[in-house]
Every structure is written in C-alpha cells, then in structure tokens.
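Student: give me the fold of what follows.
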Amino acid sequence: MSSIQASRGTRDILPDEVSYWQRVETIVREILVRAAYQEIRTPIFEQTALFERGMGEATDVVNKEMYTFKDRGDRSLTIRPEGTAGVARSYIEHNLHAQGGVQRLWYAGAMFRYERPQAGRQRQFHQLGVEVLGSGDVRADAEAIALATEILQTLGLKDLRLDLNSIGDANDRQTYREALVNYLTPFKEELDADSQDRLTRNPLRILDSKDPRTQTILDQAPSILDYLGSDSQRRFDRVQQLLSDLGIACNINSRLVRGLDYYTHTVFEIQSDDLGAQATVCAGGRYDGLVSELGGPETPAIGWAMGLERLILLLQQIQPVSPSKVDFYVVSRGEKAESQALILAQLLRRSGFTIELDLSGSAFGKQFKRADRSGAVACLILGDSEAETKTVQLKWLKSGEQTAIEQSALLETIADLRTKISHLKDEN
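Tutor: Take a look at the predicted model:
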C-alpha cells in the first residue's frame, strides 16, 4: 500500500524551519504593537459572494484560483484566497466603524489559491497583513509603507526595491481604461491568450502580463500617470514626498496596477532580486471603495500583505538560525529514578529552564550519547542510587565536570544555575 503524502501545492513546515517563522512573528508583533495595531482573526472560509464582490468577478483569483464548494445547505463557500475582504466584512458586521477613529488591524494566517506550485508560491500559503480603515489621510499611505519597510529591515533584509504607482480614482481609471483599450485593440491578435481575454473584461491587468510579445507591445502604451486628475496627482506627489522625508527610496512604476479590483490611488510592491521570478515579498495599496461595495459605509482604507513563504526563503539565504539550546538533558534509569526525573524536569521547566527528558528507557550509554547530540549545556543523571538518596548527578557536558547534589539543593540554587547556563551558552 502506497503511503499518503501532502497534497500538491501544500508543504509541511518542519521543526528546523519553524524557528524562522517564530522570529518573523515575534518581530512583526513587536513592531505593530508599538504602532498601535491590534490583531484580528477571521474565518478561513467565507461566503463566495464576499470575494466576488470585493475582489472583482473579472479577476484571475475569482475566475481561476479560488477553492469554492457547496455546503450541505447548498450555500456557496470559498476558502479565503486573501485577507483584506474578510477583514472588511468583519469591520462592517461588527460595526467597528461606530467606535470612531481609525481602526489599525493586522492578521496572519493561511490563504488558498489554485496556482501552479513553485518556489515561494504554494496553493496553501501564509500571509501577514495590515489594514488601516477609516483614514483617507495621505500619511496613512506613507505610514503603512514605512511599517512594512521597518519590518523587513529589522529582519535583516537588504537589496529591496519599493515600486510605487497611483491608479487614481474611479474617474481616472475609466479614462485611462478607454485609452488603453483603444491602444491595444489593433494589436489584439498579437497579444497572449490571457491578455486577449482581459482586453474586454479587465484591461488594466494586461499590464501585468509576463508574455514577451505583449510586453513589447506595452512599451508604447499610454501611462496611467498621464491620466491622473489634479487631486490624484497632488495626492501621489505628497506620498512620494512623505516617503522621501522618511528616507525611503522608491521607483515609480506606471505599470504596477495590482490584481484586484478594489484598489484606488496608491499601490506598491516591495521586491527582492534574490527571489527570481517570484520577486514580490510585500504588496498592497489603498482601497477606498471596498467597504461600501460590501454594504458598509464609505470608508477610506489602505493595507498590505507579506507572503511569509517568500520571506522565509530570503531569511534562510542570509541568516542561518540555530535551534534553541536545551539547558538540561535528563537521563534516568529504573522505575523510581524515572519517576523522580519526571518530577524534577517539570520543576525545572516551571523555573524557566529548557529541559529535555529522555523517555527511551534504554541503557545509560545510549542516553548519554543522545545527551551529547542534543546540544544541551548540562546533563542531570538519576539511577537507582540517586533515587534512594534523593540526589542527582549534575554533569557539565563541555568540561565533563560532574558533581552529586541533593535534589532539594538543586532547586535552591536556581539563580546560580541560570547564571552559569547563560554564561556557557554565550561561550558557545
């Protein structure tokens, strides 16, 4: 019988990789808490209509990539392909807008899209995102980008590039849409198949095409920056100035439009050349019309999301992370000694030490070999004689120094043990 394996497009995150994820989560939480963001956790599946209305029925995500199913009540449900729509739905449903002021929210979790799996892109993937709802102030745009930049820099990433664009308001985009369609229509038969389909449904997405021939045609296409109204242009200029004031360099990319219909004005991507074709590690923009489109009040908003798989790939390239070292490895043999070892291990854990208790029941020699391989700083040894005398052998693995200590005395010297453990860890 063949073994069952993980489904295509999913992967296990094994213990030796989890340390990277934990580091990212810790740094993100610290930075966002300091910026007065609060965590929100939304359901993994939602009504399909949420994504059709929020993201746009003409988008590739809705048309090709969503995992949609009918439940027993014949309701159409979709496993979330992104986080923003769910946060907006929650904002409306729970009347968060009635609390007044700006809602600064962040989330992290698994998302699902039916795509061709490749490095940094899976069908089940993880995103970390922030959403600022209730502020149309241009400073919200700059602050959101600055926080993303701070997170990536704090993680130690370098050689990052910020691409920035404005897609204006609804009127700007409609004017530009007409100009783009007029330009591309004579070239329709030369466009790739996806772009031919998008020409009538979602022409701005043609700007994202990776097809070489289509890209050549787009070289002479009109730029959306030439179709911004005066208010949109002033807003875009102000965003650039604020980023400059913050010391954040940006590259103006007039072809950057993002793939979802709810975006307005500011859109951006942060990319790394170290990721090959899947270069984007963070992306987002302003979406002033999404909340009202979903039935809520007019609510200006901006947000971004980071793909955690891509971020972890970058961190693994530049920052090897060693697993946390064990303080004490506990070796025991004999029924009475094993019982005392379990009690001692729990007491030391409650005192803040990292303890690995050998549960094999094998001979002392094999347990000692595992203690050496564990990377522990010290080994605690209990056999029949120690069990009878209520003592424990304390062996410092690097020096080989070993002493017998009463179990009660060991617990009375917690402070001294902690100091010595810390010192030896620093030496290693």
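Student: and stretch 238-251, end to end?
Tutor: 15 Å (C-alpha to C-alpha, to the nearest Å).
Student: buried stuff in it?
Tutor: Of all the residues in stretch 238-251, those buried under the rule 16 or more other C-beta atoms under 10 Å are Val239, Gln240, Leu242, Leu243, Ile248, Cys250. Glycine gets a C-beta too; all of them are placed from N, C-alpha and C.
Student: need the next SSE after the worst-scoring helix or strand of the chain on mean pLDDT, C-terminal direction.
Tutor: Within the chain, no helix or strand scores below helix 60, which has a mean of 71 by mean pLDDT, DSSP states H and E. As assigned by DSSP states H and E, the chain's next helix or strand after helix 60 is strand 67-70.
Student: check which helices and strands that next one sits against.
Tutor: Where contact means 3 or more C-beta pairs under 8 Å, 6 or more residues apart in numbering; DSSP states H and E, strand 67-70 is packed against strand 76-79.
Student: pLDDT on the helix or strand hosting Leu348, on average?
Tutor: Taking DSSP H and E as the criterion, Leu348 maps to helix 335-350. Here helix 335-350 scores 94 as its mean pLDDT.
Student: got it, and stretch 217-229?
Tutor: pLDDT averaged over stretch 217-229 gives 92.
Student: which of the residues in the top helix by length along the chain are buried?
Tutor: Taking DSSP state H as the criterion, the chain has its longest helix at helix 15-34. By neighbour count with 16+ other C-beta under 10 Å, helix 15-34 contains the buried residues Tyr20, Trp21, Arg23, Val24, Ile27, Val28, Ile31, Leu32.
Student: could you give the number of residues near the nearest residue to the fifth one once chain neighbours are set aside?
Tutor: Translated: Ile27. Residue nearest to Ile27 in three dimensions, not counting chain neighbours: Thr154, with 5.4 Å by C-beta to C-beta, 6 or more residues apart in numbering. Residues near Thr154, counting by other C-beta atoms under 10 Å, number 13.
Student: for the one 5 residues further on, same thing?
Tutor: Per other C-beta under 10 Å, the neighbour tally for Asp159 reads 10.
Student: does it really touch Asp273, like I thought?
Tutor: Yes. If you go by C-beta atoms under 8 Å, Asp159 and Asp273 touch, sitting 6.1 Å apart.
Student: number of nearby residues for Asn165?
Tutor: Neighbour number of Asn165 under other C-beta under 10 Å is 26.
Student: check contacts around Met128.
Tutor: I think there's a mix-up here, since residue 128 is Leu and not Met. Residues near Leu128 by C-beta atoms under 8 Å, 6 or more residues apart in numbering: Val24, Val28, Trp106, Tyr107, Ala108, Ala305, Met306, Leu308.
Student: that one should be in a strand, yeah?
Tutor: Yes. Assessed by DSSP: H, G, I helix; E, B strand; the rest coil, Leu128 belongs to a strand.
Student: looking at the contacts of Leu128, which is nearest Leu347?
Tutor: Val24 (32.9 Å; C-beta to C-beta).
Student: can you tell me how far that closest one is from Leu313?
Tutor: For Val24, the distance to Leu313 (C-beta to C-beta, to the nearest Å) stands at 12 Å.
Student: over to Tyr107?
Tutor: 21 Å.
Student: any low-confidence regions in the stretch 101-250 of the chain?
Tutor: Residue ranges of the stretch 101-250 of the chain with pLDDT under 70: none are present.
Student: can you pull out the helices in it?
Tutor: 138-154, 170-184, 193-201, 212-218, 230-245 (DSSP state H, counting those that start in this stretch).
Student: among those, show me which one is buried the most.
Tutor: Each of those was scored by mean neighbour count; the highest is helix 138-154, a mean of 20, by mean count of other C-beta atoms under 10 Å.
Student: for that helix, give me every contacting residue.
Tutor: Taking C-beta under 8 Å, 6+ apart as the rule, helix 138-154 contacts 27-28, 31-32, 35, 102, 130, 132, 160, 162, 235, 238-239, 242-243, 246, 248, 265-266, 268, 270, 281-282, 284, 286, 300, 302-304, 306, 311.
Student: do stretch 16-34 as well
Tutor: For stretch 16-34, using C-beta under 8 Å, 6+ apart, the contacting residues are 13, 39, 106, 108, 128, 130, 147, 150-151, 154-155, 308, 311-312, 315-316, 321-324.
Student: mind redoing it with 7 Å?
Tutor: 13, 106, 108, 128, 130, 147, 150-151, 154-155, 308, 311-312, 315-316, 321, 323 (C-beta atoms under 7 Å, 6 or more residues apart in numbering).
Student: of those residues, buried ones?
Tutor: For the contacts of stretch 16-34, buried by 16+ other C-beta under 10 Å: Trp106, Ala108, Leu128, Val130, Leu147, Glu150, Ile151, Leu155, Leu308, Leu311, Ile312, Leu315.
Student: so how far is Glu388 from Trp396?
Tutor: Trp396 is 24 Å from Glu388, by C-beta to C-beta.
Student: which one of those two is surrounded by more residues?
Tutor: Using other C-beta under 10 Å, the more surrounded residue of Trp396 and Glu388 is Trp396, with 15 against 11.
Student: and which of the contacts of Leu128 is nearest Gly56?
Tutor: Ala305 (16.9 Å).
Student: for the closest one, which non-adjacent residue is closest in space?
Tutor: Gly129 (3.8 Å).
Student: which ones are touching that neighbour?
Tutor: With C-beta under 7 Å, 6+ apart, Gly129 has these contacts: Gly83, Thr84, Trp106, Tyr107, Gly303, Trp304, Ala305.
Student: Gln38 now?
Tutor: Gln38 makes contact with Arg104, Leu105 under the criterion C-beta under 7 Å, 6+ apart.
Student: relative to Ala140, how far out is Met306?
Tutor: From Met306 over to Ala140 the distance is 18 Å, taken as C-beta to C-beta.
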